[in-house]
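> sequence below, structure please.
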Amino acid sequence: MTTIAHAPHHVGSTIPHPPQPVWNVRVATGLGGVLIAAMMSGLNNRVGALALVDIAGARGFSADDAHFLGTVYAAAELAAMPIAAWCAGTFSLRRFHMGITIVFLICGLLLPCAPSYGWMIALRALQGFAGGAMIPLLMSAALRFLPPPIKLHGLGLYSLTATFSPNVALWLAAAWTDGLGDWRFTYWEVFPVALFVLCAVSWGIPQDPVRTERLREMDLPGLLTGPAGLALLAYALEEGERLAWFRSPHITGAFIAGGGLIAAFLISEWFHHQPFVKLQLLERRNFGLGFPLFVVMLIVIIATAVLPAVLLGEVQHFRPLQMAPIGLIIALPQLILAPLASALLYQRWMDARWAMAVGLLLIALSCWLCSGVTSEWMVRQFWFAQLCQMIGQPLAVVSFLYLAVGICAPMEGPFVSGFVNTLKTLSSICGAVFVERLLVVGGSAHLRGMTDRAGRLGETTAASDPGLLERFTHQATTLAVVDSYRIVGLLALLLAPLTLLLTRVPPPEVPRPTKD
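You can find the predicted model right below:
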């Protein structure tokens, strides 16, 4: 059995790296800059999406225009995921990371000043591509730079991009739009953070040789098909509900073209000797079985982050600032719980499969508690359920990352990073779309049933009570949220026993200090 510290090296299938530098304050600062950049990218995406109503109102855009502004960011972000680690290995991690950070920063500064909607679309797409390239570099850097005694903590830090960023984004969006009353800060928030990232990375990350000879060996068909296919798939998923899915030729064409391009990308990657993503990793059980589990788990996590905001926003008419505590209950403790989850996996008696199963059961318990939601619920009624999420999410996510990374050689880190991040971003999009579809279908069904029953009571019911339809709509939304919680809770419950089918990965051997 291989572990994170001792994994086999597969000749000819990995991206070579220079020798790992000595771990010191300088390298730690550089890695901290990479971590903050990844979190900055995730927050920028989510905060921008939450503030779209305010942005549209300030710039005079329609609701459809505002929605498409979020779509282009998500599509460009996903397109960058599979090729980012390869680019960092070619142009050096330090130079590539600094380059995309500068692009990200410039776009953030220019977006509020864009002279037209077309300019905003172009800048947001470019920023999305730069932001999407930042996130995979975190796992690659953590696996490369962290020494064995603390390597697992790198996975805990990476898990913050899935557990901390999405939940703290609601508070940040509220702070800019409701607190300061200026939507421009949703884009300008990156300025101080990006400056710190540039300083930390330039000082702390060692300069590797630039290996431009790899450009002659790259998978050009894969480069032309993979990012384009993923971008089209993201467009179809993001815009599907708005354009009535397959009743729209745009959505149908995007699904067909995106699916064809992704299929061509996968075929090219399988046979190429220098792929962007090493598909042969799927032959290992913890990849072949683990990644489908990971995708469904992330869909569940995204759903549980969206549903409380839907209920409080649509039924109680809460502003983001009033809903912010819902996310902060989960987000802030992650700064402590994620490292604790990593430390737990270092214990010789701990089996990461059981830790992941317990985390999923806690998430399922949270969904079961929330399935009793009513239209009277406020923030405080969600607290205990959110506490279950607070503990369950780091247990499930960190444990999965350990099970996936623990069977890989250190030099396979870039390939693992490409897999994990592409699927994580795609799962986030699918999770939001899944919840939206559940709410639309469920809400329509419940509303139709209530209006039918009211109609049988007499034709004057609605006329005599003008607020009846609004109460029906609120109740239908509440019942749709209940149904959605039951469905995602059942998914989490079904995933728990499947984690035990994964291959056990023992904790890494941590060298003990010797006595003189």
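> quick check: domain ranges of this structure?
23-208, 221-277, 279-455+465-507 (automatic domain parsing).
> average model confidence for the longest one?
The average of the pLDDT scores along domain 279-455+465-507 is 88.
> which parts of the stretch 51-200 of the chain are helices?
For the stretch 51-200 of the chain, the helices defined by DSSP state H, counting those that start in this stretch occupy 52-59, 63-91, 93-110, 117-145, 151-163, 165-174, 185-188, 190-204.
> which one of the ones you listed lies closest to Ala352?
Closest approach to Ala352 among these (C-beta to C-beta): helix 151-163, 9.8 Å. In short, each C-beta sits where N, CA and C put it, glycine included.
> flag every buried residue along the closest one.
151-163 (16 or more other C-beta atoms under 10 Å).
> buried residues, the helix or strand that contains Leu479. List them.
Here Leu479 sits within helix 468-498, counting by DSSP states H and E. Residues of helix 468-498 classed as buried: 472-485, 487-489, 491-493, 495-496, 498 (neighbour count, 16+ other C-beta under 10 Å).
> same question, stretch 69-78
Buried, per 16+ other C-beta under 10 Å, within stretch 69-78: Leu69, Gly70, Thr71, Val72, Tyr73, Ala74, Ala75, Ala76, Glu77, Leu78.
> would you format the domains of the chain as a markdown table with distance to Leu215 included?
Shown next, in a markdown table, are those (distance: least, C-beta to C-beta, whole Å):
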| stretch | distance to Leu215 |
| --- | --- |
| domain 23-208 | 7 |
| domain 221-277 | 10 |
| domain 279-455+465-507 | 16 |
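> Arg214: which of those domains is closest?
Here domain 23-208 is closest among the domains of the chain (C-beta to C-beta), at 4.7 Å.
> all helices of the stretch 351-500 of the chain, in order?
352-370, 383-405, 413-457, 461-464, 468-498.
> show me what the third one is packed up against.
Translated: helix 413-457. helix 63-91, helix 117-145, helix 220-240, helix 290-314, helix 383-405, helix 461-464, helix 468-498 (3 or more C-beta pairs under 8 Å, 6 or more residues apart in numbering; DSSP states H and E).
> returning to that earlier point: and the helix holding Leu479, what other elements does it pack with?
Checking 3+ C-beta pairs under 8 Å, 6+ apart, helix 468-498 ends up next to helix 290-314, helix 352-370, helix 413-457, helix 461-464.
> can you put the ones you listed in TSV and add distance to Glu283 and mean neighbour count?
Shown next, in TSV, are the helices and strands packed on helix 468-498 (distance: least, C-beta to C-beta, whole Å; neighbours: other C-beta atoms under 10 Å):
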stretch	distance to Glu283	mean neighbour count
helix 290-314	12	22
helix 352-370	20	23
helix 413-457	13	19
helix 461-464	61	12
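> ok, which of those helices comes nearest Leu261?
Closest to Leu261 of those, according to C-beta to C-beta: helix 413-457, at 14.1 Å.
> quick check: which of the helices of the stretch 351-500 of the chain is nearest to Pro147?
Per C-beta to C-beta, nearest to Pro147 of these: helix 413-457, 14.3 Å.
> do you know the pLDDT at Ser248?
In the predicted model, Ser248 carries a pLDDT score of 92.
> burial count for it?
15 (other C-beta atoms under 10 Å).
> for it, give me its contacts.
Shown in contact with Ser248 (C-beta atoms under 8 Å, 6 or more residues apart in numbering): Gly240.
> next one: Gly30
Arg94, Ala141, Phe145, Ala200, Val201, Trp203, Gly204, Ile205, Pro206.
> could you redo the last one with a cut-off of 10 Å?
21, 93-94, 97, 141, 145, 197, 199-206 (C-beta atoms under 10 Å, 6 or more residues apart in numbering).
> what do you get for Pro275?
13, 15, 82, 86, 218-219, 222, 226, 265-266, 268-269, 415, 418.
> redo that, cut-off 8 Å
Pro275 touches Asp219, Gly222, Ser268, Glu269, Phe415, counting by C-beta under 8 Å, 6+ apart.
> for it, helix, strand, or coil?
The three-state label given to Pro275 by DSSP: H, G, I helix; E, B strand; the rest coil is coil.
> how close does it get to Ala432?
29 Å (C-beta to C-beta, to the nearest Å).
> before we move on, what about Val295?
14 Å.
> and Asn286, how close does it get to Gln347?
20 Å.
> quick one: which of those two has more around it?
Asn286 (24 against 10).
> mind listing what that one touches?
Contacts of Asn286 (C-beta under 8 Å, 6+ apart): Leu403, Ala404, Gly406, Ile407, Leu502, Thr503, Val505.
> swap in Trp354?
Leu500 are the contacts of Trp354 under C-beta under 8 Å, 6+ apart.
> give me that answer again for 10 Å
Leu395, Ser399, Ala496, Thr499, Leu500, Arg504.
> please apply the same query to Val306.
Val306 sits next to Pro166, Gly431, Ala432, Phe434, Val435, Glu436, Leu439, Val481, Ser484, Val488 when contact means C-beta under 10 Å, 6+ apart.
> now it: how far from Gly406?
From Val306 to Gly406 the distance is 31 Å (C-beta to C-beta).
> now swap in Tyr117 and tell me
Distance from Tyr117 to Gly406, by C-beta to C-beta: 47 Å.
> more neighbours, these two?
When Tyr117 and Gly406 are compared for neighbours, Gly406 comes out ahead with 25 against 16, by other C-beta under 10 Å.
> just to revisit the earlier point, ok, of the helices of the stretch 51-200 of the chain, where does mean pLDDT dip lowest?
Taking the mean pLDDT of these, helix 151-163 comes last: a mean of 78.
> next one: it to chain centre, how far?
13 Å (C-alpha atoms, centre = their mean, to the nearest Å).
> how far off helix 290-314 does it point, in degrees?
40 degrees (axes from the mean of the first three to the mean of the last three C-alpha atoms, to 10 degrees).
> of the contacts of Val306, closest to Met39?
Distances from Met39 to the contacts of Val306, taken by C-beta to C-beta, are shortest for Pro166, at 10.6 Å.
> in contact with the closest one: list those residues for me.
By C-beta under 10 Å, 6+ apart, the neighbours of Pro166 are 42-43, 45-46, 301-302, 305-306, 327, 330-331, 428, 431.
> what's Gln347 sitting at in phi/psi?
phi -70, psi 130 (degrees, to the nearest 10).
> next one: it relative to Ala355, how far apart?
10 Å.
> just Leu332 next, same as before
Taken as C-beta to C-beta, the span from Leu332 to Ala355 is 22 Å.
> now swap in Ala130 and tell me
Ala130 is 35 Å from Ala355, by C-beta to C-beta.
> coming back round to it: to Leu170, which of the helices and strands packed on helix 413-457 lies closest?
Using C-beta to C-beta, the helices and strands packed on helix 413-457 put helix 290-314 closest to Leu170, at 6.6 Å.
> taking helix 413-457 as reference, get the angle to that closest one.
Going by the same axes, to 10 degrees, helix 290-314 makes 40 degrees with helix 413-457.
> after helix 290-314, which helix or strand is next?
Sequence-wise, the next helix or strand downstream of helix 290-314 (DSSP H and E) is helix 320-331.
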